[in-house]
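> Kindly generate the corresponding structure for this input.
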Amino acid sequence: MTFADVILTAFQQLRQNKLRSFFTLLGIIVSVTFLVAVVAIIQGMNSYVSDSLAGAIVGQNTFQVRRTPIQVGLFNDEMMRRVQRRPRITESDARAVIDAVPQAVAISLQSGFPAPTADVRWSTRTLGSVAIFGVTSAYQVVQDYKFASGRPLTDVDVRQRQAVAAIGADVAEKLFENVDPLGKPIRVLTATYTVVGVIEKKGRMLGQSFDGFVLLPITTFESLFGRRRTTTISVKMATAEEVAEGMALADGAMRTAHRLKPGQESDYSIETADALIDFWKNLTRVLFSVIPAIVGIGIVVGGIVIMNIMLMSVGERTREIGVRKALGARSRDIRRQFLVEAIVLASVGGLMGVAAGWGMAQLVALLSPLPAKVTAWSVMLALSLGAGVGVLFGVYPASRAARLDPIAALRQE
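Below you'll find the predicted structure:
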């Protein structure tokens with residue numbers, strides 16, 4: 001038999017036993033689907049974090065001076081204790097950074113990390129667990145906020161401790177529904193504030209909304225929540241290329257303000273959106289480390305099923321093997337035939353898994369903001385796994401078929 005004949009025979013066996021072949025391949029199909037889909041989703045999440053989430057939280061072309069690093073969740077106990085011993089970032093630190101980076105587009109102050117949450121009330125309605133931010137007017141520039149209606153908070157609001165607020169789109173929709181929020185009084189804890197602006201939607205990520213907040217002038221916020229909170233300083237540069245220079249200038253100003261000696265460890269963090277991206281990639285790296293174990297278990301189970309089915313096929317086709325050997329087929333021809341059948345069987349399972357994984361990735365991309373895309377390397381890995389399983393678990397059945405004695409095989413009924 002030529003190699004083309006061997007391939008044709010393998011597909012004929014698949015067609016003759018469609019249902020059995022499908023259940024044989026189920027383990028491989030599920031494993032490859034999981035591999036392709038999860039890789040596509042994680043890659044999409046990484047892309048979304050890089051393109052959208054990091055900018056929404058930190059701001060484009062922006063770096064922050066913080067007491068607590070973004071990736072604090074990955075610290076060990078000793079590193080956590082060192083961070084907790086850091087002094088809070090103060091207004092005097094902010095003034096030092098402002099003086100040191102005059103070329104910045106905007107430098108804002110945000111009070112409190114993490115932001116406190118509170119019930120927000122209007123008339124008879126209450127919206128629970130709303131994030132309350134105390135900010136300077138530049139914060140709205142740093143975050144690239146656009147206003148659907150009304151105006152942003154101003155420097156005058158900050159200086160005069162005005163009882164005014166700008167609210168996110170979610171707060172406007174859920175608290176006021178079809179009522180225009182502008183000019184309406186909202187109550188936060190014991191104080192009342194007038195809504196002067198509604199910020200356009202930023203969107204959601206993994207169920208987390210970026211629009212469920214209330215902005216207060218930082219001085220007004222401190223009157224309500226107290227002044228003993230650390231400050232986050234956000235510095236927005238004109239271009240991404242200027243960020244590194246701005247960070248160096250801010251670092252020098254902070255070291256001087258904190259009276260740190262040369263070589264002494266910084267008691268603050270200066271981070272860009274890259275820190276958030278790195279933090280996310282560290283988390284997804286953990287997920288990637290779990291994938292091989294899950295896929296490996298499914299592949300092994302699928303391979304064992306293929307081997308058993310191929311052994312059963314050898315038993316069913318004993319007479320066929322005897323006839324072929326009697327007509328001149330060599331042992332290696334029989335071995336090749338059954339090995340190719342196992343490889344074709346496993347490869348078809350891999351292809352079906354790739355198709356199912358691609359479908360799941362498209363569904364995720366359709367139903368969520370994640371740009372989930374199937375990567376070429378995951379497809380190649382999936383197909384290689386399928387073919388590899390066929391080789392690994394097809395060798396024994398093929399060898400057993402090749403060792404059959406033709407005379408005994410011909411006697412088989």
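
> When you work out contacts or count neighbours from here on, use the C-alpha atoms and nothing else.
Noted.

> Next one, pLDDT for the most centrally placed residue in the chain please.
For the chain, the residue nearest the mean C-alpha position is Met45 (3.2 Å; C-alpha atoms, centre = their mean). pLDDT for Met45: 70.

> cool, and Arg204?
63.

> what is Arg233 paired to in the beta sheet?
To be clear, residue 233 is Ile; Arg isn't right here. Ile233 forms beta bridges with Val65, Leu109, as assigned by DSSP bridges.

> That one contacts Ser92, doesn't it?
No: with contacts counted by C-alpha atoms under 8 Å, Ile233 stays clear of Ser92, the gap being 11.1 Å.

> picking up where we left off before, doesn't the residue nearest to the centre of the chain belong to a helix?
Yes: looking at Met45 with DSSP: H, G, I helix; E, B strand; the rest coil, it is inside a helix.

> you'd agree Ala96 is up against Asp251?
No: under the criterion of C-alpha under 8 Å, Ala96 makes no contact with Asp251, lying 10.1 Å away.

> The two - which one has more neighbours?
The residue with more neighbours, out of Ala96 and Asp251, is Asp251; 19 against 16, by other C-alpha atoms under 10 Å.

> if I pick that one, what's in contact with it?
Ile270 (C-alpha atoms under 8 Å, 6 or more residues apart in numbering).

> And the pLDDT for it?
93.

> Quick check: can you list the domain ranges of this protein?
Per automatic domain parsing, the structural domains of the chain span 3-52+279-411, 62-271.

> Can you tell me which of those domains is most buried?
domain 3-52+279-411 (a mean of 19; mean count of other C-alpha atoms under 10 Å).

> the longest strand in the chain is where?
strand 125-135 (DSSP state E).

> Now find how far off-centre it is within its chain.
When distances are taken as C-alpha atoms, centre = their mean, to the nearest Å, strand 125-135 is centred 27 Å away from the chain's centroid.

> quick one: contacts of it?
108-112, 115-121, 171, 174-175, 212-222.

> cool, stretch 94-103 as well?
Residues contacting stretch 94-103 (C-alpha under 8 Å, 6+ apart): Ile107, Leu109, Ile233, Met237, Gly246, Leu249, Ala250, Ala253, Met254, Ala257.

> Averaged pLDDT, it. What do you get?
pLDDT averaged over stretch 94-103 gives 93.

> Kindly export that stretch (C-alpha atoms) in PDB.
What follows is stretch 94-103, C-alpha atoms only, in PDB (Å, rounded to 0.1, in the frame of the first residue of the first chain):
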ATOM      1  CA  ALA A  94       3.000  66.700  45.900                       C
ATOM      2  CA  ARG A  95       4.200  70.300  45.800                       C
ATOM      3  CA  ALA A  96       7.800  69.100  45.500                       C
ATOM      4  CA  VAL A  97       6.800  66.900  42.500                       C
ATOM      5  CA  ILE A  98       4.800  69.800  40.900                       C
ATOM      6  CA  ASP A  99       7.900  72.000  41.200                       C
ATOM      7  CA  ALA A 100      10.200  69.300  39.800                       C
ATOM      8  CA  VAL A 101       8.200  68.500  36.700                       C
ATOM      9  CA  PRO A 102       7.000  71.800  35.200                       C
ATOM     10  CA  GLN A 103       6.700  70.300  31.700                       C
END
